[in-house]
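**Student:** would you be able to build a 3D model of this:
(chains A and B)
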Amino acid sequence: MKLVIAIIKPSRLEEVRQALNSLDVHGMTVTEVKGYGRQKGHSEIYRGTEYAVHFLPKLKIEIAVDDAIADSVSSAIRDAAQTGRIGDGKIFILDLLAVTRIRTGETGASAL
Amino acid sequence: MSLKTSKILGSAALASLLLALPAFGQEVAAEVPAAIEEVAAIDTGDTAWMLVSTILVILMTIPGLALFYGGLVRSKNILSVLTQVFAGFALIALLWVTYGYSLAFAGPTEGGLSAFIGDFSNFLLGATGPDSVSGTIPELVFVVFQLTFACITATLIVGGIAERMKFGAVMAFLAIWFTFSYLPIAHMVWSGAGLFFQMGALDFAGGTVVHINSGVAALVAAIVLGPRLGYMKEPIAPHNLVFVFIGASLLWVGWFGFNAGSALAANGTAAQAFLNTVTAPAAAALAWALGEKITRGHASALGAFSGAVAGLVAITPAAGFSGTFGAIVLGAVAGLVCLWAVVTLKPMLKYDDSLDVFGIHGIGGIVGAIGTAFVADPALGGFGAEGYALGGQLVTQVLAVVVAIVWSALVTLVALLIVKALFGGLRVSDASESDGLDLSTHGERAYN
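**Tutor:** A predicted model of the protein is given here:
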């Protein structure tokens, strides 16, 4: 099993959700995060004092998937989240050791 | 019955009532003369207006000023600001009633220290009851109206010391400063025996008493306290400009009570002051926004709100003395000068007046006090007294401003040193400051 972690622009969430839906992936966890890569921040001015804001708002999506579909999930996310401009984000794939469904106690692939 | 019929009947009823009035009048007339002697002094219209003005000025402080400041600090410190303003209001209110009113307005009209301060003859309002009259209103209304001015002046200083001072120290400092800076200056400007009053200084609603007084105090306090941790190194941005907006709007609307209420009557002067309180801040807000757009590239929300406050401050001493056009010019000038003070002067002098109390109230008050000399000039549409001379008035205004600055600065310095000794330091520890005063001082979170 794999854990797919994607950092995307907040405005792309709905597209990514729909893309994953069509792959029959129906669960995900979304967190609001701040970060930067190559995208520079911006500056804000309050009463003449200028602040460089380095961190930009992003969304982190985490999805636990079967090994077999990890790559297609990653591609689907990439296609849906891409805008072509700097700051589109990154996708990480980690090995997932174990999964448990809390309600029923199921483990492994059937808990995904 | 039809509409027409009922109209006719109604008119007939009204007519017969009106015709009967003289008869009523004659019956009542015999009993009126004795009562008229006592009651004639009170004008119910003036009284009602002054009661409303008092409420408006209270709203300026709670929640106006509290929210205006609250939104400007970081979220971890908002409760500390709200509490300092709220508790400060309560504290000064009690001190005012106990001895403040007496020292500000009671006492001999000449001799001794009467030019600088009153006496304790009206301690605990012993000499003032519900039947006492001041002008055309009950004296108690005047007492409460003036109470609100004392409260907002003291709580204005909170802006200069925000996010780093011990709560007890803030309260002790406000009490001492109120006693030795606010009361004497209020006496000197507004009491008939007072030094500036005798000099002929014009301060309609408290440009010197309220704004220069508190602005200078905030500056001195900011310097003595030292800057907040991380000042000029990390971003310390306002956490909620929506609160700042609400606060600024409450300040503007409440200011009608502050300025127009200072006419102490519901009359033409109040009306002019009222109008000036619309136009000056309007001009100032737009001037600040425009100035910001030209010099920094953006007209900001915070700039517009701050500009309006600067305009309100500047028109305060001139409210009842300025004509309509003069108010607009004064407002625009204040907007630009205060923009400069906040954006250029403050970073140049490197002081951490957290919420720009000096930049807006101090500088705005100075602009207003000196500007009053110009806009009060009858030649410029103003309402200066007979025999008004621009040159002489200008000198008087400047003199009053300088004395107020020096006095307030000195009192603030001494008060802080006393409080520092009493509390073993003015600032909270570095760790407490980093955690935020809400948690470390008050044990609370504003947002859960």
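**Student:** can you tell me the SS state at whichever residue of the stretch 251-400 of chain B sits closest to chain A?
**Tutor:** Taking CB to the nearest CB, chain A has its nearest neighbour within the stretch 251-400 of chain B at B:V343, 2.9 Å off. No exception for glycine: its C-beta is placed from N, CA and C like everyone else's. Here B:V343 is recorded as helix under DSSP: H, G, I helix; E, B strand; the rest coil.
**Student:** wait, what's in contact with it?
**Tutor:** Counting by CB atoms under 8 Å, 6 or more residues apart in numbering or on different chains, B:V343 touches A:R47, A:G48, B:E292, B:T295, B:R296.
**Student:** from the middle of its chain, how far away would the helix or strand containing A:E14 be?
**Tutor:** Assigned by DSSP states H and E, A:E14 falls within helix A:13-21. In terms of CA atoms, centre = their mean, to the nearest Å, the centre of helix A:13-21 is set 11 Å apart from its chain centre.
**Student:** what's that helix packed up against?
**Tutor:** Packing partners of helix A:13-21 (3 or more CB pairs under 8 Å, 6 or more residues apart in numbering or on different chains; DSSP states H and E): strand A:56-65, helix A:67-81.
**Student:** change it to 6 Å
**Tutor:** Packing partners of helix A:13-21 (3 or more CB pairs under 6 Å, 6 or more residues apart in numbering or on different chains; DSSP states H and E): helix A:67-81.
**Student:** tell me how many other residues surround the closest residue to chain B within chain A.
**Tutor:** Residue nearest to chain B within chain A (CB to the nearest CB): A:G48, separated by 2.9 Å. If you count neighbours by other CB atoms under 10 Å in any protein chain shown, A:G48 ends up with 23.
**Student:** distance of the nearest residue to it once chain neighbours are set aside from A:L56?
**Tutor:** Nearest residue to A:G48 in three dimensions, chain neighbours excluded: B:V343, at 2.9 Å (CB to CB, 6 or more residues apart in numbering or on different chains). Computed as CB to CB, to the nearest Å, the B:V343 to A:L56 distance reads 26 Å.
**Student:** for B:G45, same thing?
**Tutor:** B:G45 is 59 Å from A:L56, by CB to CB.
**Student:** more neighbours: which of those two?
**Tutor:** The residue with more neighbours, out of B:G45 and A:L56, is A:L56; 17 against 13, by other CB under 10 Å.
**Student:** quick check: pLDDT value at that one.
**Tutor:** Among the per-residue scores, A:L56 shows a pLDDT of 91.
**Student:** dump the residue contacts of the closest residue to it other than its chain neighbours.
**Tutor:** In this structure, A:L56 finds its nearest non-sequential neighbour in A:Y36, 5.7 Å apart by CB to CB, 6+ apart. Contact partners of A:Y36, counting by CB atoms under 6 Å, 6 or more residues apart in numbering or on different chains, are A:H54, A:F55, A:L56.
**Student:** same thing with B:I360?
**Tutor:** B:I360 makes contact with B:V309, B:A310, B:C338, according to CB under 6 Å, 6+ apart.
**Student:** and if you look at B:T279?
**Tutor:** Contacts for B:T279 (CB under 6 Å, 6+ apart) come out as B:A327, B:I328.
**Student:** did I read that right, it in a helix?
**Tutor:** Yes: B:T279: assigned to a helix according to three-state DSSP.
**Student:** how near is it to B:F321?
**Tutor:** Taken as CB to CB, the span from B:T279 to B:F321 is 14 Å.
**Student:** cool, and B:T54?
**Tutor:** Note on B:T54: its distance to B:F321, by CB to CB, is 22 Å.
**Student:** which one's more surrounded, these two?
**Tutor:** Shown here are B:T54 and B:F321; by other CB under 10 Å, B:F321 has more neighbours (27 against 21).
**Student:** and that one, how far from B:I360?
**Tutor:** Taking CB to CB, one finds B:F321 at 22 Å from B:I360.
**Student:** B:A270 looks like it's in a strand, true?
**Tutor:** No: assessed with three-state DSSP, B:A270 is helix; it does not lie in a strand.
**Student:** burial measure for it, as a count.
**Tutor:** Counted with other CB under 10 Å, B:A270 comes out at 23.
**Student:** got the contact list for it?
**Tutor:** Residues near B:A270 by CB under 6 Å, 6+ apart: B:A260, B:A263.
**Student:** B:E292 too?
**Tutor:** B:E292 neighbours (CB under 6 Å, 6+ apart): B:A299, B:G303.
**Student:** within range of chain B, give me the residues from chain A.
**Tutor:** With the criterion set to CB under 6 Å from any CB of the partner chain, chain A comes near chain B through A:I45, A:Y46, A:R47, A:G48, A:Y51.
**Student:** in those, which has the lowest confidence score?
**Tutor:** Ranked by pLDDT, the residues of chain A next to chain B bottom out at A:G48 (72).
**Student:** roughly how far does it sit from A:Y36?
**Tutor:** 25 Å.
**Student:** what of B:S114?
**Tutor:** Taken as CB to CB, the span from B:S114 to A:Y36 is 66 Å.
**Student:** picking that back up, turn the contacts of B:I360 into TSV, including distance to A:I91 and secondary structure.
**Tutor:** Below are those laid out as TSV (distance: CB to CB, whole Å; DSSP: H, G, I helix; E, B strand; the rest coil):
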residue	distance to A:I91	secondary structure
B:V309	49	helix
B:A310	51	helix
B:C338	50	helix
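**Student:** of the residues you listed - the most surrounded one?
**Tutor:** B:A310 (35 neighbours).
**Student:** contacts only, for that residue.
**Tutor:** Contact partners of B:A310, counting by CB under 6 Å, 6+ apart, are B:A284, B:A334, B:G335, B:C338, B:I360, B:G364.
**Student:** just B:G64 next, same as before
**Tutor:** Counting by CB under 6 Å, 6+ apart, B:G64 has contacts B:G247, B:L250, B:L251, B:G254.
**Student:** dump those residues to CSV, plus pLDDT, neighbour count and secondary structure.
**Tutor:** Converted to CSV, the contacts of B:G64 look like this (pLDDT from 0 to 100; neighbours: other CB atoms under 10 Å in any protein chain shown; DSSP: H, G, I helix; E, B strand; the rest coil):
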residue, pLDDT, neighbour count, secondary structure
B:G247, 97, 23, helix
B:L250, 98, 21, helix
B:L251, 98, 24, helix
B:G254, 98, 23, helix
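**Student:** and which of those residues is nearest to B:H211?
**Tutor:** B:H211 lies nearest to B:L251 out of the contacts of B:G64, by CB to CB, at 12.3 Å.
**Student:** the closest one contacts B:M60, correct?
**Tutor:** Yes: the pair B:L251 / B:M60 is scored as a contact, 5.4 Å apart, by CB atoms under 6 Å.
**Student:** which element, helix or strand, includes A:I93?
**Tutor:** In the assignment (DSSP H and E), A:I93 maps to strand A:89-95.
**Student:** how close does B:A222 sit to chain A?
**Tutor:** 15 Å (CB to the nearest CB, to the nearest Å).
**Student:** now the element after the one helix or strand B:C151 maps to, going C-ward?
**Tutor:** In this structure, B:C151 is located in helix B:139-156 according to DSSP H and E. Using DSSP H and E, the helix or strand that follows helix B:139-156 in sequence is helix B:167-177.
**Student:** list the contacts of that next one.
**Tutor:** For helix B:167-177, contacts defined as CB under 6 Å, 6+ apart pick out B:Q84, B:G88, B:L91, B:A154, B:A415, B:V419, B:F423, B:L426, B:T441.
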